[in-house]
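Colleague: Sequence first, then the predicted structure, then my questions.
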Amino acid sequence: MHNDVNALFANLWDNYLSVTPSAVEVHKLLGTTQQDDIINDHIALRTFNIEKVSLEKLAAHFLAVGYKECGEYHFEAKKLYAKHFEHSDPKQPKVFISELLIDQCSEQLQKIVTDLVDQIDPDAVTADNFLYSGTHWSVDSQTYKALLAESEYAAWMAAWGYRANHFTVNINELKNFETIESVNDALKKAGFALNTSGGEIKGSAEVLLEQSSTLADDYTVQFSDGEMTVPSCFYEFALRYPMANGELYTGFVAASADKIFESTNAR
Ligand code: OOG
Ligand code: NI
């Protein structure tokens, strides 16, 4: 595991960019210079609730670099459970980790997912690079499609594995934009397709968090039986509002998160 939070995030970012070319365009559009003046509010990772690779196993990599567990979230219809983590340095991105509760899924899904996870070398899970190591299995396009019919989340995991599925622009820290509407307008004008599930803007000032996101880039994956183009990763935008004590809300909103998950659904 890393002991340097900045090294961990630099690797997560490079790995995310390698399959999300639109992220560079987002930075060009919203940053005042070319690149590095975007502050990320949070990132997210996904997994399965199988002991070997559970949410807790991913979380251990963040606890090792100074993160603390802060909130938990339930997504009944999608059969997901999630927690979020914060660093003692508020400039470090928050982290949202979810896991698919496979025991609530079909026998077929359980068998496919168990077969994938069985192919992971147990030592890989604690290695420095686990959170940006991608897939550890061979999977064919028919299996991907079988998963897709039951759970977009499971299919995404089969294709992409362990990596950040999004980074999130902290709108509060942008110099040229005040509102999420103005960010969304700039994105649409530049040709980005936004996730409209539950409306372009998820949440409100009342729940202290407004969020929007692009639809994931299309990217060609090498399955064991050939190539197929599938959704990869996306960019999210978050505007936080102050709580009664004047400090910005740092948590997530389950009803909004439920819709953000759909940013990796097929267009
Ligand atoms: C995470 C979706 C939830 C948020 O900010 O509420 C989320 C995911 O797609 O894995 O990122
Ligand atoms: Ni998010």
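Modeller: Arrived safely, thanks for sending. From a predicted model like this one, the values you see are computed outputs, not experimental measurements. Ligands and ions are numbered 1, 2, ... in the order given.

Colleague: I'd assumed Phe9 was in a strand, is it?
Modeller: No: using DSSP: H, G, I helix; E, B strand; the rest coil, the assignment for Phe9 is helix, not a strand.

Colleague: Poorly predicted segments of this protein, please.
Modeller: 33-36 (pLDDT under 70).

Colleague: OK, now which residue of it is nearest to ligand 2?
Modeller: Taking Cβ to the ion, ligand 2 has its nearest neighbour within the chain at Glu236, 4.5 Å off. For every residue, glycine as well, the C-beta is placed using N, CA and C.

Colleague: secondary structure class for that residue?
Modeller: strand.

Colleague: how deep is it tucked in, by neighbour count?
Modeller: 24 (other Cβ atoms under 10 Å).

Colleague: partners of it in the sheet?
Modeller: Applying DSSP bridges to Glu236 gives these bridge partners: Thr168, Ser213.

Colleague: One more: Lys202?
Modeller: According to DSSP bridges, the residues that bridge with Lys202 are Gln211.

Colleague: Spit out the contact partners of it.
Modeller: The contact partners of Lys202, taken as Cβ atoms under 8 Å, 6 or more residues apart in numbering, are 210-212, 253, 255-256, 259-260.

Colleague: Just to check, the residue of the chain closest to ligand 2 is in contact with Thr168?
Modeller: Yes: between Glu236 and Thr168 there is a contact at 4.0 Å, judged by Cβ atoms under 8 Å.

Colleague: Which neighbours do the two have in common?
Modeller: The contact lists of Glu236 and Thr168 share 41-42, 211, where a contact means Cβ under 8 Å, 6+ apart.

Colleague: Neighbour count added to those, as CSV?
Modeller: Below are the shared contacts of Glu236 and Thr168 laid out as CSV (neighbours: other Cβ atoms under 10 Å):
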residue, neighbour count
Asp41, 23
His42, 21
Gln211, 25
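
Colleague: Now render those residues as TSV, adding distance to ligand 2.
Modeller: Output for those, formatted as TSV (distance: Cβ to the ion, whole Å):
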residue	distance to ligand 2
Asp41	8
His42	6
Gln211	7
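
Colleague: between those, which is nearest Phe85?
Modeller: His42 (9.2 Å; Cβ to Cβ).
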